[in-house]
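Chemist: Here's a sequence, model it:
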Amino acid sequence: MRILVIVVFVILIVAIIRQFIDSKTKNKGTRPDGDQKPKNGNGYAKWIGGGLGWAFGGPIGGILGFAFGKMFEDMNQGSLGQKGSMQADFNMSLLVLTAAVMKADGTVKKSELDYVKAFYVRNFGQHAEQYIGMLREILKQEINVREVSMQVGQYMDYSYKLQILHYLFGISKADDHFHPDEVDLITRIAGFMGISATDFASIKAMFVKEVDSAYKILEIDSNASDEEIKKAYREMAIKYHPDKVSHIGDDIRKAAEEKFQEVSSAYEQIKKQRGIR
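Modeler: Now for the predicted structure:
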């Protein structure tokens with residue numbers, strides 16, 4: 001009798017397990033409201049791979065959540081403060097601010113999109129297509145530039161913020177014309193991120209060429225002595241050295257090398273003008 005009871009009990013347990021598995025199989029890929037999970041959100045969220053840290057929360061996380069749907073939230077649950085990487089946070093921040101600048105003058109120009117595509121192909125290789133796909137989705141979202149920029153300013157290292165500013169000016173110059181609305185937006189982004197006025201003027205001078213642009217790049221007055229100029233160059237070479245951002249990937253290091261070259265070129269220009277040896 002005892003054996004019979006045990007057998008019946010086992011049969012009931014097996015039946016319950018099978019019913020549970022069948023229900024899970026039928027509901028796979030369906031959201032609670034019965035809609036299928038969005039394909040793009042699913043794919044991009046998986047590609048991000050739960051790698052975000054601080055960018056998962058706050059205004060940036062909100063924009064990404066709206067752009068890519070609930071799958072983004074599901075893939076990143078529990079990642080905050082655990083396995084988030086600075087590179088993933090940097091990349092997502094860059095995408096959101098890219099979208100903000102591209103929309104600043106009311107239209108997304110082909111020249112700007114081509115510049116961004118070229119940047120991502122050059123710096124992110126095989127992942128460029130995924131980044132551009134995500135950018136297209138983010139462009140559809142409303143972006144609170146102040147909140148996003150302040151979030152970046154709070155968590156991002158200063159050297160990374162300088163890289164972002166340099167890149168944003170590159171977008172604005174893509175059509176060989178600086179639209180006032182774009183320059184104004186980039187100026188506000190720099191302020192919200194906590195970039196100093198001298199650093200802002202230095203990076204702006206790399207794109208907006210004026211008579212004293214070389215001096216502005218070195219963050220020094222044109223009346224400075226030769227020794228002061230040499231000292232300024234040494235300080236700038238340290239500030240913008242590519243090794244400062246190399247640990248978040250070779251892609252970002254390449255962008256840093258371009259800016260470092262601008263500093264070196266400015267110094268060489270001044271040396272030539274003054275006959276400094």
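Chemist: Low-confidence bits of the stretch 151-277 of the chain, can you list those?
Modeler: Residue ranges of the stretch 151-277 of the chain with pLDDT under 70: 211, 246-252.
Chemist: quick one: the helices in it?
Modeler: Here the stretch 151-277 of the chain has its helices, by DSSP state H, counting those that start in this stretch, at 158-172, 180-193, 197-205, 213-217, 226-239, 250-274.
Chemist: closest one to residue 123 among these?
Modeler: helix 250-274 (3.9 Å; Cβ to Cβ). (Each C-beta comes from the backbone N, C-alpha and C, glycine too.)
Chemist: which helices and strands does that closest one pack with?
Modeler: Packed against helix 250-274 by the contact rule (3 or more Cβ pairs under 8 Å, 6 or more residues apart in numbering; DSSP states H and E) you find helix 110-124, helix 158-172, helix 213-217, helix 226-239.
Chemist: confidence score at residue 90?
Modeler: If you check residue 90, the pLDDT there is 81.
Chemist: Serialize the helices and strands packed on helix 250-274 to JSON lines and add fields for distance to residue 190 and mean neighbour count.
Modeler: Below are the helices and strands packed on helix 250-274 laid out as JSON lines (distance: least, Cβ to Cβ, whole Å; neighbours: other Cβ atoms under 10 Å):
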{"stretch": "helix 110-124", "distance to residue 190": "19", "mean neighbour count": "17"}
{"stretch": "helix 158-172", "distance to residue 190": "6", "mean neighbour count": "22"}
{"stretch": "helix 213-217", "distance to residue 190": "15", "mean neighbour count": "23"}
{"stretch": "helix 226-239", "distance to residue 190": "16", "mean neighbour count": "15"}
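Chemist: of all these, which lies closest to residue 258?
Modeler: Closest among these, using Cβ to Cβ: helix 158-172, at 7.7 Å.
Chemist: Could you give me the buried positions within the helix or strand encompassing residue 133?
Modeler: Taking DSSP states H and E as the definition, one finds residue 133 inside helix 128-138. Buried residues in helix 128-138, counted by 16 or more other Cβ atoms under 10 Å: 128, 131, 132, 134, 135, 137, 138.
Chemist: okay, the helices of the stretch 151-277 of the chain in TSV with distance to residue 146 next?
Modeler: TSV is the format used below for these (distance: least, Cβ to Cβ, whole Å):
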stretch	distance to residue 146
helix 158-172	15
helix 180-193	6
helix 197-205	17
helix 213-217	26
helix 226-239	26
helix 250-274	25
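Chemist: Which one of these lies nearest to residue 58?
Modeler: Checking these against residue 58 by Cβ to Cβ gives helix 180-193 as the closest, at 13.2 Å.
Chemist: List the contacts of the closest one.
Modeler: Applying Cβ atoms under 8 Å, 6 or more residues apart in numbering, the external contacts of helix 180-193 come out as 97, 100-101, 104-106, 145-146, 149-150, 152-153, 156, 161, 164-165, 168-169, 171-172, 200.
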